[in-house]
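Peer 1: sharing a sequence plus its predicted fold:
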Amino acid sequence: MNCRANQGNLSSIHLISTKMAAAKGLATDRRKSRKAHFAAPSGTKRKIMSSSLSKDLRGKHSARSIPIRKDDEVLIVRGKYKGREGKVIQVYRKKWVIHVERVTVEKSNAATVPVGIHPSNVVITSLKLDKDRRAILDRKSNKSSEKQEKTESADVEMVE
C-alpha cells in the first residue's frame, strides 16, 4: 500500500521536474549550473559581479544594483573587513573578486597583497559615471517607473 502511494508521488515529482527543465538554457542540475557559472564568459561575469547601491543612490537613480567597476567607492558590509570604505582598484573577474583600496594583508616576506572581496559583500556609495553607465541607469529607472505605473493602474482597476 505504501509503495503505491510513493509511486504516485514520484511520478508527479518527475512530471513537475520535466516541465521545469523545459525552460531553454536553464539547467536545474546543480553540477551543470555550477559549471555554467564558473565557466561563464567575461561579459556574463561582469553582470553577475554586481553590487547593490546605497540607499541614497538607490533613491537618486531608482536602481537597486549595478555591475561594479574600477573607481567606484564602496563600503564593505560583510566579512572580516566589514565597515571599511575605499575605492575599487581592480575588478578581478577570473577570481570573481574585487580589490579595494587599503584592504591588504601582509605576507610572510613583508610584501603586501590586496584582499579579494566578493562584490555581493559590498555596497556602492559613490558611482564613477560615464555615458555608458548613465545609459544603464536611465534604462533601469525607466523600467522601474513603467513597472510602478502598471501596478498603480492595476490597483485603480481593482478599486473600481
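Peer 2: Great, that's in hand.

Peer 1: list the contacts of the helix or strand encompassing Gly86.
Peer 2: Here Gly86 sits within strand 85-92, counting by DSSP states H and E. If you take Cβ atoms under 8 Å, 6 or more residues apart in numbering as the criterion, strand 85-92 is touched by 49, 68-76, 98-103, 114, 116, 119, 125. C-beta: built from backbone N, CA, C; applies to glycine.

Peer 1: report the buried residues of it.
Peer 2: By 16 or more other Cβ atoms under 10 Å, the buried positions in strand 85-92 come out as Glu85, Gly86, Val88, Val91.

Peer 1: do stretch 68-75 as well
Peer 2: Under the neighbour-count criterion of 16+ other Cβ under 10 Å, stretch 68-75 has Ile68, Arg69, Asp72, Glu73, Val74, Leu75 buried.

Peer 1: which residues in the chain form strands?
Peer 2: In the chain, the strands defined using DSSP state E lie at 50-53, 65-67, 73-76, 85-92, 97-106, 112-117, 122-126.
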